[in-house]
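K.L.:
coords please:
(chains A and B)
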Amino acid sequence: MSQASRLSPEERATFAGLADLLIPRHGRMPAATEVGAHEALLDQVLVHRSDIVDDLLRGLAAAQGAEPGEAANRLSQSDAAAFNAVTLAASAAYYMCDEVRALIGYPGQEKAPYDPHETPVYLTNGMIERLVRRGPIYRPTPDAHD
Amino acid sequence: MASSGSGARARRHGEEVDVCIVGAGPSGSVAARYLAEAGFSVVTLEQGDWPDAAEFPGDKPEFELVAQKQWHPNPNVRDRDRDYPINTDESAINPLMYAAVGGSTTLYAGHWTPFMPSDFRVRTLDGIADDWPFTYEDLLPSLEAMERVVGVSGLPGNPAYPPRRAFPTPPLPIGKCGMKAAEGMDKLGWHWWPGTNAMPSVPYNGLNPCARRGTCMTGCPEGAKSTANITLWPHALKDGARIVVGARVREITYDAERNRVTGATYIDRNGRERHQKARTVIVCGNGIGTPRLLLLSACAAFPDGLANSSGLVGKRLMMHPFSAVLGVFEEDLESWRGPFGHLIESNEFYETDEKRGFMRGAKWGAMPAGGPLGTTGFVGSKIFDEGGRVEDSWGTNLHDLVDRRFGHSMVWGIIGEDLPEESNRVSLDPKLTDTDGIPAPKLDYTVSENSSNMLKFHVDRLLEASLAAGAIETVVVHQVPDTGWHLLGTARMGDDPRTSVVDEWGRSHDVPNLFVFDASAFPTSGGVNPTATIMSVSHRQTMHMISERRNVEAA
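P.N.:
Numbering: from 1, shown residues only, chains lettered A, B, ... in the order given. Predicted structure coming up:
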């Protein structure tokens, strides 16, 4: 049984309420649940971070049935580990979403091809030349050999 | 020591070899590679495994998520079976390390910053701490040899160093982020230089060119960051060196009658105790693992720890307390792009100026700020502030913060020289053990007033540099706890057996066939990332061991 499937529908609903409080719709950005941060993305987070499941479930149990804003503030004061598990799960799920990444202009940690033999700008615009003209800045070895 | 001839190898588990090396990090791997090439029979005992690049998360969507746990550099956070726990209750800095072939370089950022000439003459120049038993110039041939192995990328001519041989591969792009940092330094007339990194820009010695993924600190999925498993071990294995992974050494064995070490006892992956006999033992377990093992190897002749007649084993721990300044800019800097090694570096305030209120200095490195989750590695853009009301850091404020900082941030990191103090030390914890029941290390470490003043001065200068570059917002993180990357000084080298543990060649003053080749032996810490110097010192000592092979007093 995967860790994610341990979440009951009630727990998932509680998480959804908290996730939308933490990450609401704003400007061009969708709310957490609009991109499924409480569904498959949450499951994905918990597959990779099974270590936070117990803290998360404890946080969701404490928040169940309460108004999300009140529950989140109470949790942040009373159980930091549970609060951190909820916020990490919500934010990680959200920022792992392709749609969100596209909106903030994040392609992920992609390769960025370059030409290693291209002359860098700092060699042609005078920046390095100014440094070299200033001369050495190291203190030489006092008893250095010639 | 008479080695067994070219291509010598131990045929059976435990059969006596010329050299047993404990630890396959940068220093141990250098020794294994060149000793095997010279015909020594070599067995290296490594508690970790061979790294598997396919497991590195940098090319996977969950990269930032797992960087905070499974790939965290703090072994107490990571909590893998192969890690040993460390009691840090009395330490202001958490030590960071990784057990694997390649050691902690598996997770390092790859800053290639050799110690400078003054670092070897701190006592002579500044009247504090200690001189090294050799100079920058003595070490330079080994440094240049190591750069040929590592495939260092960089621009020659840095005025922070004496003239020297060029790097084997061209510099990596500094990107928009590095150029922004450079613009600030240029305006102020302060020293900067394109970052020199242990990652080639073209294919080199089994390494692929850096692909700029920016995930160096969770292992390089491109096979582009220079680590010993790629650059040294293929050669060492070809020349007959053997390595035993999953081997946790619990004791270096000692024959009191002959005053010689005789090998190492270790627990293998299946929990069986084994013994590797050797005519010479070289310890390369890092600044915590090495003193831990020497203390574990206490015996009747050395009740306070093997080779510890000086009483200095475990003392003088230096860890480079670290602060950072985040600058936020209007322009899109694509600041998730790599390399996560430094984009540019500066040694403007490296040397002592007593008017500043502290001795010695620091090197700065400008780095990217990572992905949107904001806690990549040890700095990142820190977008989540957990203080105050939830709504202050979350809700619409979160979106605004990400809009403002993500991709627009640059981090200046400060590596300041940590001076040696005997009160900063490694001992054995009376209760805590690893999963094999071997006592774990305990740290007592306080950030000195000198280090604290130094970091504050450098933070102020970096705020000036960030504003000169056009930062619209700055954030300071002072003395970050999870930054004990550099573990130095706990078995110092020197000429006097009363005040040092090993001599300049890494040989124990007390036991002539016991050696320490790692950074434990560093008398001072420098103010730069130490891997270049660690590998160079090991290379110099290894070459000496080879040249003196007929004169070594072996078991």
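K.L.:
for the stretch 351-500 of chain B, which residues are neighbours of chain A?
P.N.:
Counting by CB under 8 Å from any CB of the partner chain, the residues of the stretch 351-500 of chain B lying close to chain A are B:351, B:371-373, B:384, B:386, B:389-391, B:394-396, B:398-400, B:402-403, B:406-407. The C-beta positions use only the backbone N, C-alpha and C, and glycine is treated the same way.
K.L.:
just the buried members of those?
P.N.:
Burial of these was assessed by neighbour count (16 or more other CB atoms under 10 Å in any protein chain shown); the buried members are B:351, B:371-373, B:384, B:390, B:394-395, B:398-399, B:402-403, B:406-407.
K.L.:
sort out for me which of the residues of the stretch 351-500 of chain B next to chain A are in helices.
P.N.:
The members of these that map onto helices under DSSP state H are B:390-391, B:396, B:398-400, B:402-403.
K.L.:
going along the chain, name the strands of the stretch 451-555 of chain B.
P.N.:
Counting by DSSP state E, counting those that start in this stretch, one finds strands in the stretch 451-555 of chain B at the ranges B:473-477, B:514-516.
K.L.:
center of chain A - which residue?
P.N.:
Of all residues in chain A, the one closest to the mean position by CA atoms, centre = their mean is residue A:92, 5.1 Å from it.
K.L.:
wasn't that residue part of a helix?
P.N.:
Yes - following the definition DSSP: H, G, I helix; E, B strand; the rest coil, residue A:92 is counted among the residues of a helix.
K.L.:
list the contacts for it?
P.N.:
Contact analysis of residue A:92 by CB atoms under 8 Å, 6 or more residues apart in numbering or on different chains lists A:45, A:49, B:62, B:64-65, B:373.
K.L.:
that one and residue B:208, how far apart?
P.N.:
Noted for residue A:92: a distance of 29 Å to residue B:208, by CB to CB, to the nearest Å.
K.L.:
again, but for residue A:110
P.N.:
Between residue A:110 and residue B:208 the distance, using CB to CB, works out to 15 Å.
K.L.:
neighbour count winner among those two?
P.N.:
More neighbours surround residue B:208 than the other of residue A:110 and residue B:208, with 17 against 14 (other CB atoms under 10 Å in any protein chain shown).
K.L.:
was I right to think the more buried one contacts residue B:221?
P.N.:
No - Residue B:208 is not in contact with residue B:221 according to CB atoms under 8 Å; the separation is 10.0 Å.
K.L.:
remind me, longest strand of chain B?
P.N.:
Looking across chain B with DSSP state E, the single longest strand is strand B:273-283.
K.L.:
give the other helices and strands that the helix or strand just after it contacts.
P.N.:
Tracing the chain past strand B:273-283, the next element assigned as helix or strand by DSSP states H and E is helix B:286-296. Here helix B:286-296 touches strand B:248-255, strand B:273-283, strand B:425-433, strand B:439-445, going by 3 or more CB pairs under 8 Å, 6 or more residues apart in numbering or on different chains; DSSP states H and E.
K.L.:
direction included, what does the strand or helix carrying residue B:414 pair up with?
P.N.:
Element membership of residue B:414, judged by DSSP H and E, is strand B:409-416. Each strand that strand B:409-416 pairs with, and the sense of that pairing, follows from DSSP bridges: strand B:322-328 (antiparallel), strand B:362-368 (antiparallel).
K.L.:
which parts of the chain are helices?
P.N.:
Because you didn't say which chain, this covers chain A. With DSSP H as the definition, chain A shows helices at residue ranges A:9-22, A:40-48, A:53-63, A:68-78, A:80-95, A:98-104, A:121-124, A:127-134.
K.L.:
that was the other one, I meant chain B.
P.N.:
Here chain B has its helices, by DSSP H, at B:26-37, B:63-67, B:75-78, B:122-126, B:136-150, B:175-188, B:228-231, B:233-238, B:286-296, B:390-393, B:396-405, B:449-468, B:531-547.
K.L.:
and residue B:291, how far from chain A?
P.N.:
29 Å (CB to the nearest CB, to the nearest Å).
K.L.:
I'd say that residue and residue B:314 touch.
P.N.:
Yes - in this structure residue B:291 lies within contact range of residue B:314 using CB under 8 Å: 3.9 Å.
K.L.:
intersection of neighbour lists for these two?
P.N.:
Common neighbours of residue B:291 and residue B:314, using CB under 8 Å, 6+ apart, are B:305, B:426, B:490-491.
K.L.:
redo these as TSV? Include neighbour count and pLDDT.
P.N.:
Supplementary listing: the shared contacts of residue B:291 and residue B:314 in TSV, determined by neighbours: other CB atoms under 10 Å in any protein chain shown; pLDDT from 0 to 100:
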residue	neighbour count	pLDDT
B:305	24	98
B:426	30	98
B:490	33	98
B:491	31	98
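K.L.:
closest to chain A out of those?
P.N.:
Closest approach between the shared contacts of residue B:291 and residue B:314 and chain A, by CB to the nearest CB: residue B:491, at 24.5 Å.
K.L.:
which ones are touching the closest one?
P.N.:
Residue B:491 is in contact with B:283, B:290-291, B:294, B:307, B:312-314, B:501-502, B:516, B:520-521, counting by CB under 8 Å, 6+ apart.
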